[in-house]
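Colleague: Next input, structure requested:
(2 chains)
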Amino acid sequence: MAKIETPRPIRGTQDIFGTEAEAFAHVVETFERIRKLYRFRRVEMPVFEKTEVFSRSLGETTDVVSKEMYSFEDRGGESLTLRPEFTAGIARAYLTDGWQQYAPLKVATHGPLFRYERPQKGRYRQFHQLDAEILGAAEPQADVELLAMADQLLKELGIAEGVTLQLNTLGDAPSREAWRMALVEHFRESRDALSEDSQERLERNPLRILDSKDPRDKALVHEAPRIDDFLSGEAERYFLQVTEGLDAAGVAWHRNATLVRGLDYYRHTAFEFVTDRLGAQGTVLGGGRYDGLIETLGGPHVPAVGWAAGIERLAMLVADARKLAIDALDVILVVEDDRALRVAQQSLAQLRRAGFSADIVASGSPRKRFDKAVKAGARVILSFTFDEEQDQAVRALRGPDEWVEKIDAIVLPLVLAQGQ
RNA sequence: GCGAUUGUAGCUCAGUUGGUUAGAGCGCCGGUUUGUGGUACCGGAGGUCGCGGGUUCGACCCCCGUCAAUCGCCCCA
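Modeller: From the prediction side, this is the model:
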């Protein structure tokens, strides 16, 4: 007889369980609470979109679009793509669902995203992000508000220590373009001294050379032209207002003039919250301003800012910090004699209805059940045995008096009512 | 796509320079002890040693291939 082979999980997907799942839920719950404090509206977005939603807005040459998208044809022959990020889909909805009427609009969401990449620590093919966006707001105050929210989120998760906010400006479109050309010129001069990867980047995405980890590149990056020398007066003023706003809001930040973002649509403010506690995947939350994005989807000029945070990465930090409350179990029921099973089941149902978290041990060798119950770590152990003389089940409780009292008030009447 | 490391019981791992029938702890199941008890002991189920080739009288061990996981490069949250 042929053995049935168990299907394996898809590479880069995760089955999250136990402490990790609790940490994951804790991150999402904290985010939900905080986004309400900042008055961000909850939105639910589709997990897939027409491929062009992403290919147009992220830039055809970016790695995400050119080699990391899960794209497929549906039965109608249309090219669809599992979302690799939230922003593009939200921008699309802003146009197609008439959200322009609510501008400036603050929205928040979270859920799974998909990128075909080699999995490693803190990086998965199906991963999960929190996301917050402000659409239709050109003021630096919007950037500040978003960053303050991110900062508070990390603090309330108890993981702010060792996480720093790296902040930069990419300038407006003319500033960014002038800087880009100067960078290309600078790196071309010493092209042969660059790493192989960076020689490639020089053609495709020269800004990325700036945050290369290769020591050969680092030397050249050190002497590279800085964005500050290319900022227009307006761009400079904008950045100043952001940093002053952060100072006023009490959000600590560090200028990082070599911080760039991977996607084409970013302008002005760019930022990352970074830690060194997660190996190579140190970015825990990242985003910036994307004033040009909505135009690439055929819409009007709509200034916007947003960020996304990796839930898995946040959850790993939370778990490290052991900030999680263990599952509270109020009462564990033990059926030490199967003749007491009915009363136990009755009690279990009533206790749960009364709001106690409760579980039951009623299988395996009866003489070993009590030990199992003890190991469950409940506040109260409620044991059911059978009295031969009275010919009925009897209960016994152990635990702190106030708990025993409350629980017995529910259980005792059920025991007394047996057989009536 | 590239590199490094690792694949032995449900889990965590031993397994000598290649040598009889591959082990332990935990967990699970059963029994004994105790008898209001987180004890101790005994027993049981569970392995094609990731998969496929090769070398050898003989492979968990050596060689090749392959798959997977982990970590890193790239890229990103």
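Colleague: Who are the packing partners of the helix or strand encompassing residue A:35?
Modeller: Using DSSP states H and E, residue A:35 falls within helix A:19-37. If contacts are counted by 3 or more CB pairs under 8 Å, 6 or more residues apart in numbering; DSSP states H and E, helix A:19-37 sits against strand A:105-114, strand A:126-135, helix A:140-156, helix A:311-320. Using the backbone N, CA and C atoms, a C-beta is placed for each residue, glycine as well.
Colleague: tell me the angle the longest one makes with helix A:19-37.
Modeller: Put plainly, it is helix A:140-156. Put simply, helix A:140-156 runs at 140 degrees to helix A:19-37, going by axes from the mean of the first three to the mean of the last three CA atoms, to 10 degrees.
Colleague: List the contacts of helix A:140-156.
Modeller: With CB atoms under 8 Å, 6 or more residues apart in numbering as the test, helix A:140-156 has contacts from A:30-31, A:33-35, A:37-38, A:40, A:104, A:130, A:132, A:134, A:160, A:163, A:165, A:238, A:241-242, A:245-246, A:248-249, A:251-253, A:268-269, A:271, A:273, A:284-285, A:287, A:289, A:305-307, A:309, A:314.
Colleague: which among the residues you listed end up buried?
Modeller: Among these, the ones that count as buried by 16 or more other CB atoms under 10 Å are A:30-31, A:34-35, A:38, A:40, A:130, A:132, A:134, A:160, A:163, A:165, A:238, A:242, A:245-246, A:251, A:253, A:268-269, A:271, A:273, A:284-285, A:287, A:289, A:305-307, A:309, A:314.
Colleague: near RNA strand B too, which of those residues?
Modeller: A:284-285, A:287, A:309 (CB under 7 Å from any atom of the strand).
Colleague: Now the two most distant members of those residues.
Modeller: A:284 and A:287 (11.6 Å; CB to CB).
Colleague: Tell me where chain A has helices.
Modeller: A:19-37, A:51-58, A:63-67, A:87-96, A:140-156, A:173-189, A:196-204, A:215-222, A:233-249, A:293-296, A:311-320, A:341-353, A:366-375, A:401-416 (DSSP state H).
Colleague: okay, the ones you listed, which one's buried deepest?
Modeller: helix A:311-320 (a mean of 23; mean count of other CB atoms under 10 Å).
Colleague: So what's the residue count around residue A:78?
Modeller: Here the number of neighbours of residue A:78 (other CB atoms under 10 Å) works out to 10.
Colleague: What pLDDT does the model give it?
Modeller: What the model reports for residue A:78 is a pLDDT of 95.
Colleague: Then residue A:177?
Modeller: On pLDDT, residue A:177 comes in at 87.
Colleague: swap in the one 5 residues further on?
Modeller: With respect to pLDDT, residue A:182 scores 91.
Colleague: List the residues that contact it.
Modeller: Residues near residue A:182 by CB under 8 Å, 6+ apart: A:225, A:229-230.
Colleague: Repeat the analysis, applying 6 Å as the threshold.
Modeller: Contact criterion CB atoms under 6 Å, 6 or more residues apart in numbering gives residue A:225 as the residues in contact with residue A:182.
Colleague: same thing with residue A:31?
Modeller: So residue A:31 contacts residue A:130 (CB under 6 Å, 6+ apart).
Colleague: what about it, distance to residue A:310?
Modeller: Separation of residue A:31 from residue A:310 (CB to CB, to the nearest Å) stands at 12 Å.
Colleague: Check residue A:153 too.
Modeller: Distance check for residue A:153 against residue A:310: by CB to CB, it reads 13 Å.
Colleague: Need the ones next to RNA strand B among the buried ones among the contacts of helix A:140-156 in CSV (columns: distance to residue A:172 and pLDDT).
Modeller: Shown next, in CSV, are these (distance: CB to CB, whole Å; pLDDT from 0 to 100):
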residue, distance to residue A:172, pLDDT
A:284, 28, 94
A:285, 24, 96
A:287, 18, 94
A:309, 26, 97
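Colleague: What is the nearest of those to residue A:419?
Modeller: Taking CB to CB as the measure, residue A:419 sits nearest to residue A:309 out of these, at 58.8 Å.
Colleague: residues touching that closest one, list them.
Modeller: Residue A:309 touches A:130, A:285, counting by CB under 6 Å, 6+ apart.
Colleague: is the residue lying closest to residue A:307 once chain neighbours are set aside in a bridge, and if so with what?
Modeller: Excluding the flanking residues, the one nearest residue A:307 by CB to CB, 6 or more residues apart in numbering is residue A:287, at 2.8 Å. Residue A:287 forms beta bridges with residue A:271, residue A:307, as assigned by DSSP bridges.
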